[in-house]
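**Q** model the following, please.
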Amino acid sequence: MTTRNIAVLVGSPRKASLNRKLALALAGIAPEGLRLDIVEITALAFYNDEREAEPDAEWVEFRQKIGAADGVLFITPEYNRSVPALLKNAVDVGSRPYGKSCFAGKPAAVASLSPGAIGGFGANHHLRQSLMCLDVPVLAGPEVYLGNGAALFDEQGGIAADGTRDFLGKFLVTYAKWVETILAAR
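**A** Numbers count the residues shown, from 1 in each chain. So this is what the prediction gives:
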């Protein structure tokens, strides 16, 4: 079985963020053949096309990591019913220069997590909208909106509730199939 390397972009810069915990928990329950690795985005300078003549080393490294990945998993909190600037900036940096997006054609999935009850629904859909115009095939379902994020994890950082862990496991299995489907169509 081929192992597919998935770049995971976490929309919260905090080392102890709930979204980072989710990324690590998902990596721990990923099915065989799916390897999830967080690609750090906190050092990316804000996108400015004037920098393209001499792109920052962080931009170059980020684009190379996304370009080398088989797919991308976005994990986002919700800020004011939208995607955090940190994550939107990563999308902007990776999608440029025009015609050279490192995201184009990469099978993607989006999971949102918030302390509130609606689980980042607005951020999830805003991000999907941006990805669709960048030729990023996004997994339609199951959709992942996780609310009440503070109660999601056990003391070891795993998913506390069996039902939630099972749901996320099925999500990852479905995403693994999506990755294979998209890559086979290339």
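
**Q** do a quick rundown of the strands in this structure.
**A** Shown for the chain, the strands assigned by DSSP state E span residues 4-10, 34-38, 71-76, 108-113, 144-146.

**Q** now distance to residue 55 too, for those strands, in CSV please.
**A** For glycine as for every other residue, the C-beta is placed from the backbone atoms N, C-alpha and C. Below are those laid out as CSV (distance: least, CB to CB, whole Å):
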stretch, distance to residue 55
strand 4-10, 18
strand 34-38, 22
strand 71-76, 20
strand 108-113, 23
strand 144-146, 32
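
**Q** for residue 84, find the nearest of these.
**A** Residue 84 lies closest, by CB to CB, to one member of the strands of the chain: strand 71-76, at 6.7 Å.

**Q** and the closest one, C-alpha only, in PDB?
**A** The C-alpha trace of strand 71-76 is given here as PDB (Å, rounded to 0.1, in the frame of the first residue of the first chain):
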ATOM      1  CA  GLY A  71      -3.100  16.300  -0.300                       C
ATOM      2  CA  VAL A  72      -3.900  19.000   2.200                       C
ATOM      3  CA  LEU A  73      -6.000  18.900   5.300                       C
ATOM      4  CA  PHE A  74      -7.100  22.300   6.600                       C
ATOM      5  CA  ILE A  75      -8.000  22.600  10.300                       C
ATOM      6  CA  THR A  76      -9.500  25.900  11.200                       C
END
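
**Q** list the buried residues of stretch 53-69.
**A** Neighbour counts over stretch 53-69 (16 or more other CB atoms under 10 Å) mark 55, 59, 62, 63, 65, 66, 69 as buried.

**Q** hmm, who's touching it?
**A** 5-7, 39, 41, 43-45, 51, 72, 90, 93-94, 102-103, 106 (CB atoms under 8 Å, 6 or more residues apart in numbering).

**Q** go on, stretch 164-180?
**A** By CB under 8 Å, 6+ apart, stretch 164-180 touches 4, 6, 25-26, 29-31, 33-34, 70-71, 73, 107, 109, 111, 137, 139, 141-142, 144, 146, 152, 158-159.

**Q** re earlier: can you lay out the buried residues of stretch 53-69 as CSV showing distance to residue 173?
**A** Output for those, formatted as CSV (distance: CB to CB, whole Å):
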residue, distance to residue 173
55, 37
59, 33
62, 28
63, 29
65, 24
66, 23
69, 19
